[in-house]
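Undergrad: Coordinates for the following, if possible.
(one chain, ligands or ions: 1)
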Amino acid sequence: MVLPALALVAGCAKPITFDAGAIAANRMLAGAPPGFLLGAATSAYQIEGGNHNDWSEWEKGRYPDGTPHVLDGTSATRAADSWNFWRADLSALQLLGANVYRLGIEWSRLEPTEGAWDQAAAARYRQMFAALRAAGITPIVTLYHFTLPTWVAARGGWDWDGAPAALAAFAGRAGSAFGDLVDWWCTINEPNVLVAKGYLAGQWPPGARDPHRAAMALAALMRAHGLMTGALRENDRTDADGDGRATRIGIAQNLRIFDPYSASPVDGIVAGAADDFYNQAFLDAVTLGRVRVVLPGVIDIDQPFPPLAGSLDYLGVNYYTRDLVVGHLGGPNIYTPASAPDRPRNDLGWEIYPEGLYRMLLRYAHRGWPLLVTENGVADGRGVLRSDFLRAHLYAVDRARAEGVEVIGYLYWSLIDNFEWSHGYRGHFGLYAIDFEDPTLTRRPTAAVATFQEAARNLGTLH
Ligand code: GAL
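TA: Just a heads-up that it's a prediction; the model follows:
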């Protein structure tokens with residue numbers, strides 16, 4: 001464990017600093033090829049409203065000390081009401097010059113009870129996908145983005161050994177219901193974040209703080225992804241966009257930089273171990289075709305699982321921030337994050353570190369998968385950080401591409417302000433702001449829309 005961890009820290013984690021002049025001088029995406037995917041992302045539960053699942057149940061609860069599970073005491077009952085206002089979202093995408101939109105379908109809405117299928121909900125999703133295509137915007141559809149139907153949660157959620165097969169059955173059904181309109185699929189959003197928040201930090205359902213359960217849940221998510229890929233390939237045989245391929249399947253993996261705070265070996269070892277579990281484990285499983293989760297002293301799972309091999313057509317990269325790791329060898333937390341001096345932070349306190357995107361793109365280049373930035377964004381309720389954030393992160397993409405990395409697209413998170421999980425409505429990530437007190441939920445362009453449009457003009461998707 002120690003040696004690979006040290007090698008990892010030494011090998012991939014060379015902190016660098018971008019030159020502000022180079023970012024300002026860069027013509028964003030001017031060198032990207034015509035098929036480059038440029039757009040924005042959302043998830044079903046965070047924008048749709050009207051859903052009932054394990055998260056809507058969790059929102060009603062409190063911690064033993066009385067603090068609500070959602071810090072501002074809100075819920076996603078209405079959210080941005082995109083279930084009804086989806087045409088406003090489509091107009092917002094068109095104004096940006098987007099040629100792609102990553103959105104989710106909500107499992108609990110389509111299959112509210114085991115084996116059921118809500119035809120009216122499916123028809124609404126078909127309407128959305130068809131309208132996107134008619135507008136020249138390719139849908140990328142996420143099948144599982146943190147929320148489980150209550151019937152799955154009641155059986156134990158990811159502790160239930162039937163969960164991977166149940167999600168795969170849903171994926172197969174979605175493949176046949178929408179495959180003529182959808183080629184690009186994202187099976188699972190951020191399995192690592194789900195496990196960290198739901199099974200280690202106890203901040204999301206099921207509210208566990210149990211490394212053993214966390215490791216088992218991660219293994220179950222690996223199996224689910226492998227089975228979902230098989231189900232999609234079997235059930236979606238229609239090439240919707242005429243490029244000769246009926247499916248393009250990926251996951252969206254949250255990649256976070258873990259840099260040691262100091263030269264102390266403990267910081268280095270702990271940063272390496274965090275990187276291993278968080279960034280690397282799922283991708284190793286896919287590469288090796290094995291369900292493999294190793295947490296020293298906690299669990300050692302390593303089993304062949306052939307459906308995982310070759311299961312990624314692209315790697316979705318969700319990149320937000322870095323942690324500077326002050327490691328601990330004992331105690332409940334393996335590290336505390338330290339602040340980087342002189343670096344801006346977003347409204348949720350996350351360091352803005354565009355160099356990290358560049359480093360991750362370089363690190364995951366040449367692994368056999370093209371890279372698609374499936375999320376990258378900033379919580380910025382005042383609208384003072386987002387333009388610079390976008391410019392700097394597109395510079396990271398351009399620079400990686402110029403160095404030969406196959407980055408096939410960039411999606412900003414999020415298209416619109418939305419329900420930011422345990423932060424409620426406090427995390428304003430949207431290119432379009434929404435005042436959630438205003439019954440019209442009008443999507444109002446932030447200053448970053450003009451920056452996005454500049455990139456779209458350079459790319460040629462906006463005239
Ligand atoms: C990602 C997640 C999104 C969104 C975003 C901003 O981890 O996929 O659902 O919440 O972070 O926090």
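Undergrad: can you confirm residue 410 is in a helix?
TA: No. Counting by DSSP: H, G, I helix; E, B strand; the rest coil, residue 410 is located in no helix; its state is strand.
Undergrad: Is it correct that it is in contact with residue 395?
TA: No. Checked against C-beta atoms under 8 Å, the pair residue 410 and residue 395 is beyond contact range at 11.3 Å. All C-beta spots, glycine's among them, are computed from the backbone N, C-alpha and C.
Undergrad: quick one: which of the two has more around it?
TA: Set residue 410 next to residue 395 and count neighbours by other C-beta atoms under 10 Å: residue 410 wins out with 30 against 22.
Undergrad: Return the set of residues that bridge with that one.
TA: Beta bridges link residue 410 to residue 38, residue 373, judged by DSSP bridges.
Undergrad: Now do the contacts for it.
TA: By C-beta atoms under 8 Å, 6 or more residues apart in numbering, the residues touching residue 410 are 29, 36, 37, 38, 373, 376, 393, 394, 397.
Undergrad: my guess is the second one contacts residue 408, does it?
TA: Read that as residue 36. Yes. Using C-beta under 8 Å, residue 36 is in contact with residue 408, at 6.7 Å.
Undergrad: Tally up the residues packed near the nearest residue to residue 268 once chain neighbours are set aside, please.
TA: Spatial nearest neighbour of residue 268, chain neighbours left out: residue 260 (4.5 Å); criterion: C-beta to C-beta, 6 or more residues apart in numbering. Residue 260: 23 surrounding residues under other C-beta under 10 Å.
Undergrad: so residue 260 touches residue 327, yeah?
TA: Yes. Contact criterion C-beta under 8 Å: residue 260 and residue 327 qualify, at 7.4 Å.
Undergrad: Quick check: neighbours shared by these two?
TA: Joint contacts of residue 260 and residue 327 (C-beta under 8 Å, 6+ apart) are 267, 268, 270, 271.
Undergrad: now, the most widely separated pair of these?
TA: The most widely separated members of those, counting by C-beta to C-beta, are 268 and 270 (7.5 Å).
Undergrad: Break down the stretch 51-200 of the chain into its strands, ranges please.
TA: For the stretch 51-200 of the chain, applying DSSP state E, counting those that start in this stretch gives strands covering 100-104, 138-144, 184-189.
Undergrad: now those as JSON lines including distance to residue 458 and mean pLDDT?
TA: Formatted as JSON lines, those follow (distance: least, C-beta to C-beta, whole Å; pLDDT from 0 to 100):
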{"stretch": "strand 100-104", "distance to residue 458": "16", "mean pLDDT": "99"}
{"stretch": "strand 138-144", "distance to residue 458": "19", "mean pLDDT": "99"}
{"stretch": "strand 184-189", "distance to residue 458": "23", "mean pLDDT": "98"}
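Undergrad: Which one of the ones you listed lies nearest to the ligand?
TA: Nearest to the ligand among the strands of the stretch 51-200 of the chain is strand 184-189 (5.1 Å), distances taken as C-beta to the nearest ligand atom.
Undergrad: Starting from that closest one, tell me which strands it pairs with and how they run.
TA: Counting by DSSP bridges, the strands paired with strand 184-189 are strand 138-144 (parallel), strand 248-260 (parallel).
Undergrad: How far does it sit from its chain's centre?
TA: Between the centre of strand 184-189 and the centre of its chain there are 9 Å (C-alpha atoms, centre = their mean, to the nearest Å).
Undergrad: Now render the strands paired with strand 184-189 as JSON lines, adding distance to residue 334.
TA: Below are these laid out as JSON lines (distance: least, C-beta to C-beta, whole Å):
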{"stretch": "strand 138-144", "distance to residue 334": "27"}
{"stretch": "strand 248-260", "distance to residue 334": "11"}
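Undergrad: could you dump these to CSV with distance to the ligand?
TA: Below are these laid out as CSV (distance: least, C-beta to the nearest ligand atom, whole Å):
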stretch, distance to the ligand
strand 138-144, 9
strand 248-260, 5
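Undergrad: do you know which of those lies nearest residue 290?
TA: Nearest of the strands paired with strand 184-189 (C-beta to C-beta): strand 248-260, 16.0 Å.
Undergrad: Pull out the CA atoms of the closest one and give them to me as CSV.
TA: Written as CSV, here are the backbone C-alpha positions of strand 248-260 (Å, rounded to 0.1, in the frame of the first residue of the first chain):
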residue,chain,number,x,y,z
ARG,A,248,-21.9,5.4,-26.2
ILE,A,249,-21.7,4.4,-22.6
GLY,A,250,-19.7,5.9,-19.7
ILE,A,251,-19.8,6.8,-16.1
ALA,A,252,-19.4,10.2,-14.6
GLN,A,253,-16.5,9.9,-12.1
ASN,A,254,-15.8,12.6,-9.6
LEU,A,255,-12.1,13.3,-9.8
ARG,A,256,-10.6,15.3,-6.9
ILE,A,257,-7.0,16.3,-6.5
PHE,A,258,-5.5,15.2,-3.2
ASP,A,259,-2.2,17.0,-2.7
PRO,A,260,-0.2,16.5,0.5
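Undergrad: Could I get the buried residue list for it?
TA: 248-260 (16 or more other C-beta atoms under 10 Å).
Undergrad: again with stretch 422-436
TA: In stretch 422-436, counting by 16+ other C-beta under 10 Å, buried: 422-425, 427-434, 436.
Undergrad: what bits of the chain have low per-residue confidence?
TA: The chain contains residues with pLDDT under 70 at 1-14.
Undergrad: for it, which helix is longest?
TA: helix 211-235 (DSSP state H).
Undergrad: That one packs against which elements?
TA: Helix 211-235 makes packing contacts with strand 138-144, helix 163-178, strand 184-189, helix 191-195, strand 248-260, helix 281-288, strand 290-295, strand 299-304 when contacts are defined by 3 or more C-beta pairs under 8 Å, 6 or more residues apart in numbering; DSSP states H and E.
Undergrad: Of those, which is nearest residue 363?
TA: Of all the helices and strands packed on helix 211-235, strand 248-260 comes closest under C-beta to C-beta, at 8.3 Å.
Undergrad: Past the closest one, which element shows up next along the chain?
TA: Per DSSP states H and E, the first helix or strand lying C-terminal to strand 248-260 is helix 265-275.
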